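Peer 1: Sequence and computational prediction follow.
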Amino acid sequence: MRLAHGLVVRFVVIAIVCLAAASSWVLISLDRELASDAQGGAEFVARQLELQLSLGGIGGAAPVPIWKPITDDGLAPGLCVRYRPAAPAAEQSLCKGWSGQAAGAPAWFGALYGRLFDPSHALTRPI
C-alpha cells in the first residue's frame with residue numbers, strides 16, 4: 001500500500017509542476033504577443049498622425065487628428081491612444097473595443113499578473 005501511495009503522490013506533484021510550467025509559458029508568451037501588438041499599433045498610429053498633421057489645418061488653424069482611419073485599420077481592440085499637442089486644452093484620447101462595462105479579470109489574477117509583468121507600461125511616440 002505504501003508503494004501505491006508514494007507513486008500517486010509523485011504523480012500528483014509532477015502533474016502540478018507541469019501545470020505550473022505550462023501556465024507560466026502561456027502567460028509569458030501572451031504577454032510578449034500583447035506587447036508586440038501594442039508596439040505595432042503605436043507605430044501605425046504615430047505614422048498616421050504624422051501624415052495627418054503634416055497636411056496642416058484648415059485656414060492656418062492647428063491640425064486636428066481624424067481618428068476614424070486610425071481606429072478602423074490600425075488600432076487593436078483594448079488599446080488606447082492619447083494625443084498630447086503643445087496646447088494642453090486640445091488633448092484627445094481614444095480607446096477601441098472597450099465599453100468599460102465588461103467584467104475584468106479576477107482580482108487574484110490581476111494582482112498576480114501585475115506583480116509578474118508591467119501591464120501599465122505606456123508606449124510613447126513623439127510626433
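Peer 2: Perfect, I can see it now. Numbers count the residues shown, from 1 in each chain.

Peer 1: who's in contact with the helix or strand bottoming out on mean pLDDT in the chain?
Peer 2: Ranked by mean pLDDT, DSSP states H and E, the helix or strand of the chain with the weakest confidence is helix 68-73, at a mean of 75. Helix 68-73 is contacted by residues 44-45, 48-49, 81, 94, 96 when judged by CB atoms under 8 Å, 6 or more residues apart in numbering. Glycine gets a C-beta too; all of them are placed from N, C-alpha and C.

Peer 1: one more time with 7 Å
Peer 2: 45, 48, 94, 96 (CB atoms under 7 Å, 6 or more residues apart in numbering).

Peer 1: So which of those residues sit within helices?
Peer 2: 45, 48 (DSSP state H).

Peer 1: Of the contacts of helix 68-73 - the most surrounded one?
Peer 2: Using other CB atoms under 10 Å as the neighbour test, the contacts of helix 68-73 are led by Val45, with 23 neighbours.
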